[in-house]
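>>> coords please:
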Amino acid sequence: MSHGKQFTLYTHNGGPNGWKVALLLEELGLSYESIYLDFQKNEQKQSPHVDYNPNGRIPTLIDHKNGDFVLWESNAILIYLVDKYDTEKRLTVTDEKEKHILNQWLFFQASGQGPYFGQAFWFLFYHPEKVPSAVERYQKETARVIGVLDGVLAKSPSGWLVGGKFTIADLAFLTWNRGAVNVILKDFEGGEVAKKYPAFYAWHEKISARDASKKIFAVQESLKK
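All right, here's what the predicted structure looks like:
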């Protein structure tokens with residue numbers, strides 16, 4: 001099977017986890033084709049996607065230059081891409097202890113940030129009934145996660161999570177952070193994320209200002225039209 005692009009990325013036009021993978025592909029200068037699944041039609045649970053990903057969630061990545069190797073779970077994909085294609089180790093670390101710290105942050109993103117922020121969005125916009133207590137719970141959890149990041153980043157001389165430089169540990173948080181800053185916490189307890197969590201906000205803005213980030217944001221906006 002011949003493919004013009006090295007990777008096929010099954011994703012969703014609004015799903016933060018899919019954009020996370022696209023962001024790293026852009027950072028590494030790798031060629032890919034995005035297939036945006038329609039969640040309203042339940043395409044993520046149907047063939048051909050579910051043939052690759054039995055969990056029926058996005059993202060799913062196929063590496064056509066590595067025997068059509070298939071991988072799902074966004075942070076597993078990030079680790080794969082830097083291990084195989086970041087030959088200069090620009091976006092990862094080489095020190096043994098720092099590798100474990102990097103993985104720690106990826107686990108925190110997957111177990112803490114993603115689920116809590118996702119539930120906040122669900123109860124704010126998609127749950128069939130209004131449940132104020134659930135909205136408040138997940139807004140508070142969103143603020144707590146951001147507070148953890150802010151406290152660590154405030155003590156980091158470089159302003160990054162690990163290795164004194166930008167890595168996939170930082171990148172993994174960006175797409176969900178945007179939702180928190182712009183939506184979840186916009187009007188929560190007076191808003192003002194930048195003032196309450198200055199180290200976090202400075203870090204978020206640094207990542208957002210990268211060329212790959214700006215390119216991905218532009219693609220996102222184009223899909224809304």
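
>>> what's the domain layout of this structure?
What automatic domain parsing lists as the domains of the chain is 7-90, 96-211.

>>> ends of the last one, how far apart?
Right, domain 96-211. 29 Å (CA to CA, to the nearest Å).

>>> buried set for the lowest-mean-pLDDT helix or strand in the chain?
Ranking every helix and strand in the chain by mean pLDDT, DSSP states H and E puts helix 193-196 at the bottom, with a mean of 91. Residues of helix 193-196 classed as buried: 193, 196 (neighbour count, 16 or more other CB atoms under 10 Å). In short, each C-beta sits where N, CA and C put it, glycine included.

>>> what ranges do the strands span in the protein?
7-11, 32-36, 60-63, 69-72 (DSSP state E).

>>> Could you dump those into TSV with mean pLDDT and distance to Glu141 added?
Formatted as TSV, those follow (pLDDT from 0 to 100; distance: least, CB to CB, whole Å):
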stretch	mean pLDDT	distance to Glu141
strand 7-11	98	25
strand 32-36	97	29
strand 60-63	98	27
strand 69-72	98	25
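
>>> Of all those strands, which one comes closest to Val193?
Closest to Val193 of these is strand 7-11 (CB to CB; 26.6 Å).

>>> who's in contact with the closest one?
By CB atoms under 8 Å, 6 or more residues apart in numbering, the surrounding residues in contact with strand 7-11 are 18-19, 21-22, 25, 30-37, 44, 49, 52-53, 58-64.

>>> again, but for stretch 92-110
73-75, 78-79, 82-83, 86, 148, 161-163, 167-169, 172-173, 176.

>>> can you give me the mean pLDDT across that stretch?
For stretch 92-110, mean pLDDT is 98.

>>> swap in stretch 151-160?
pLDDT averaged over stretch 151-160 gives 98.

>>> so how far is it off the chain centroid?
Taking CA atoms, centre = their mean, to the nearest Å, one finds the center of stretch 151-160 at 20 Å from the center of the full chain.

>>> ok, now stretch 19-31?
Here stretch 19-31 shows a centroid-to-chain-centroid distance of 11 Å under the convention CA atoms, centre = their mean.

>>> can you give me the helices in this protein?
Using DSSP state H, the helices of the chain run over residues 16-27, 49-52, 74-85, 96-108, 114-121, 132-154, 168-171, 174-179, 193-196, 198-208, 211-223.

>>> Go through these and pick out the most buried.
Most buried of the helices of the chain, by mean neighbour count (mean count of other CB atoms under 10 Å): helix 168-171, with a mean of 25.

>>> Would you mind writing the CA trace of it as CSV?
Taking Å, rounded to 0.1, in the frame of the first residue of the first chain, the C-alpha atoms of helix 168-171 are listed here in CSV:
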residue,chain,number,x,y,z
ILE,A,168,7.0,16.4,25.3
ALA,A,169,6.3,16.6,29.0
ASP,A,170,5.4,20.3,28.4
LEU,A,171,3.8,19.7,25.0
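
>>> pLDDT on it, on average?
98.

>>> Measure how buried the residue lying closest to Leu223 once chain neighbours are set aside is and give me the count.
Once flanking residues are discounted, Leu223 sits nearest to Asn13: 4.5 Å by CB to CB, 6 or more residues apart in numbering. Counted with other CB atoms under 10 Å, residues neighbouring Asn13 total 16.

>>> Contacts only, for Asn13.
Taking CB under 8 Å, 6+ apart as the test, what Asn13 contacts is 36, 220, 223-224.

>>> Including distance to Val181, could those go into CSV?
Output for those, formatted as CSV (distance: CB to CB, whole Å):
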residue, distance to Val181
Tyr36, 24
Gln220, 15
Leu223, 20
Lys224, 18
